[in-house]
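[1] Please find the sequence and the predicted model below.
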Amino acid sequence: MAPSAIVQECPQCAASITGDSRFVMWCPECEWNLRRPDHDTPSTRPGPLSRLRDRLDARFAAGLHRQVLDSGVGTPFRDRGRIAAYALASAVHLFALSMLVGGVWLLAATWPSPFGAVFGIAGVGFAYLARPRFGRLDRDAPALTRQEAPALYDLLDRVAREAGAPPVDVVLVDGKVNASFGTVGLRGTRVLTIGLPLWQILEPRERIALLAHELGHSSNGDVRRMRYVDSAIATLYEIHGAAARVHVHGGLRALAISIVVNILTGLVRLLVVGLIMVLESLTYRESQLAEYAADDRAARIASPVAVAGLMDKLITRGPAAHRHLESAAHRGGDLWEGLREYMAAFPETEEERLRRLARLERARVDATHPPTHLRAAFALSRAYGEAAIVTTDDEMERVQAELDAPAGRIAREIADRARAALYE
Ligand SMILES: [Zn+2]
Ligand SMILES: [Zn+2]
């Protein structure tokens, strides 16, 4: 037995429980103390409205899960919700475009009339606010180029080929227990971000699953589609802001004008809010379906078991690594060596507690993702056999060495963030 191991009787069901003094004591038999004792204070207890939303959301997640288990992730371009989102977003984009064309036309046709100038400039100004935004690459983020990380890019190229995705242009490495894929700039530079702590706690095949999932988003066209719909939603928010309530000062006539204008802008706001709600609920469903689709690709490329393993890490060792790094950052010392040691001695009982807790709370990466344990179950239901990509130890070691190059800088950033959080 490890020196930190303790045995006690469960206060609820009297079963004998073995635990680790460094972690929460809990009972696997009756799940006594599954949550940390400080979890359910009155201030954190959800109100009736958020409980209702939570219930509806649980129902939605279960329904979508059943759908993908029964009939797979489907053909993206035949999905009715997706087509509806596209059509609505296109209407909004066309509206913004017509404001630009109309504004320019009004300016040119009525010049130099002040009426034409005011409304023409308003139209062009609105179109400017509603313009598509492409984002840009953060030049300060530690990036690894093809020259600096040939083994990593070789591996990424292999995964991209299997996933049917174009090659990654830039790899960013950061200190999060996460990974993401996106495109930036007008030319759509493909950026993969790898969180070093997440990478550290994964087994080789789970790392392939992670890369395959992210590149699955690329080949599924999720980023492009989301950006198209998201920028339409942003335009709607601009319209909402522009259709503000007005106050006209003066006599009865001014009062009458302001009432009429406010009724009109009120109607516009109502319509816009309705459209935003429809688009957001369509993208809510779509983004979760996109996660299942990316998981499906990852299961084919890295095997279903590898994807399920990755999901399990995301709800067990992932959050634990996050908490460990936060507290270790204050203590100094080698952050990565410390993380390796912490994980090597991480007890199975704590892993199981976190696993059950995540299931109970339907933990997920964020609101755009289905609950992680449902994703694991979906991956395991896929009938893919052997992994399409398997790495040798030597290959993974070379990749690791390349990812370790920015490790010092990332450790300093984690420490800086932890210190800054102290003073907030
Ligand atoms: Zn018990
Ligand atoms: Zn994803």
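    Everything's here; your move. Residues are numbered from 1 along each chain as shown. Ligands and ions are numbered 1, 2, ... in the order given.
[2] Poorly predicted segments of the chain, please.
    By pLDDT under 70, the weakly predicted segments of the chain are 1-3, 37-45, 75-77, 424.
[3] Quick check: the gap between the most centrally placed residue in it and ligand 1.
    Central residue check for the chain by C-alpha atoms, centre = their mean: the C-alpha nearest the mean position is that of Asp366, 5.2 Å away. Counting by C-beta to the ion, to the nearest Å, the separation of Asp366 from ligand 1 is 33 Å. (C-beta placed from N, C-alpha, C; glycine too.)
[4] Is that residue within a helix or a strand, and which one?
    Here Asp366, judged by DSSP states H and E, is contained in no helix and no strand.
[5] and the gap between it and Pro46?
    Using C-beta to C-beta, to the nearest Å, one obtains 18 Å as the distance from Asp366 to Pro46.
[6] quick one: contacts for Leu210?
    Applying C-beta atoms under 8 Å, 6 or more residues apart in numbering to Leu210 gives the contacts 179, 194, 198-199, 202, 298, 310.
[7] quick one, helices of the stretch 151-300 of the chain?
    Across the stretch 151-300 of the chain, reading from the start of the chain, the helices by DSSP state H, counting those that start in this stretch fall at 196-201, 204-219, 222-242, 252-302.
[8] which one of the ones you listed is the most hemmed in?
    For these, the stretch with the most neighbours on average is helix 204-219, a mean of 25; neighbours defined as mean count of other C-beta atoms under 10 Å.
[9] neighbours of Ala345, just the number please.
    Neighbour count of Ala345, defined by other C-beta atoms under 10 Å: 11.
[10] Go ahead and confirm Ala242 touches Phe126.
    Yes. Applying C-beta atoms under 8 Å as the test, Ala242 and Phe126 come out as touching, 6.5 Å apart.
[11] rewinding a little: report the entries of the contacts of Leu210 that also contact ligand 2.
    Among the contacts of Leu210, no residue sits close to ligand 2 (C-beta under 5 Å from the ion).
[12] Enumerate every residue touching the nearest residue to Asp334 once chain neighbours are set aside.
    Spatial nearest neighbour of Asp334, chain neighbours left out: Ala411 (7.8 Å); criterion: C-beta to C-beta, 6 or more residues apart in numbering. Contact partners of Ala411, counting by C-beta under 8 Å, 6+ apart, are 175, 334-336.
[13] Tell me which two of the residues you listed sit farthest apart.
    Based on C-beta to C-beta, the longest span within the contacts of Ala411 runs between Gly175 and Asp334 and measures 14.4 Å.
[14] Look at those two and report which has more neighbours.
    Neighbours were tallied for Gly175 and for Asp334 using other C-beta under 10 Å; the higher tally belongs to Gly175 (25 against 13).
[15] which one among the contacts of Leu210 gets closest to ligand 1?
    Nearest to ligand 1 among the contacts of Leu210 is Leu310, at 30.9 Å by C-beta to the ion.
[16] which SSE is the closest one in?
    Assigned by DSSP H and E, Leu310 belongs to helix 304-315.
[17] wait, Arg382 sits on Ala293?
    No. Using C-beta under 8 Å, Arg382 is not in contact with Ala293, being 11.5 Å away.
[18] Which residues of this protein lie near ligand 1?
    Among all residues of the chain, those adjacent to ligand 1 (criterion: C-beta under 5 Å from the ion) are 10, 12-13, 15, 27, 29-30, 32.
[19] Now, of the residues you listed, which are buried?
    Neighbour-count burial (16 or more other C-beta atoms under 10 Å) applied to the residues of the chain next to ligand 1 gives 10, 27.
[20] rewinding a little: now the angle between helix 304-315 and the next helix or strand along the chain from the helix holding Leu310, please.
    Proceeding N to C from helix 304-315, the next assigned helix or strand is helix 317-331, under DSSP H and E. What separates the directions of helix 317-331 and helix 304-315 is an angle of 40 degrees, with axes from the mean of the first three to the mean of the last three C-alpha atoms, to 10 degrees.
[21] thinking again about what came up before, so which of the helices of the stretch 151-300 of the chain comes closest to Arg133?
    helix 222-242 (6.6 Å).
[22] the domain parsing of the chain - what is it?
    In the assignment given by automatic domain parsing, the structural domains of the chain cover 1-37, 79-131, 142-424.
[23] Mean neighbour count, those: which tops it?
    When these are scored by mean count of other C-beta under 10 Å, the highest mean neighbour count falls to domain 142-424 (a mean of 18).
[24] so which residue of the stretch 201-350 of the chain comes closest to ligand 1?
    Nearest residue of the stretch 201-350 of the chain to ligand 1, counting by C-beta to the ion: Thr349, 13.1 Å away.
[25] Tell me if I'm right that that residue and Arg22 touch.
    No. Taking C-beta under 8 Å as the contact criterion, Thr349 and Arg22 are not neighbours in contact, 11.0 Å apart.
[26] quick one: contacts for the closest residue in space to Gln8 that isn't next to it in sequence?
    When the adjacent residues along the chain are set aside, Gln8 lies closest to Ile17, with 6.0 Å between them (C-beta to C-beta, 6+ apart). If a contact means C-beta under 8 Å, 6+ apart, then Ile17 has 7-10, 25-29 as its contacts.
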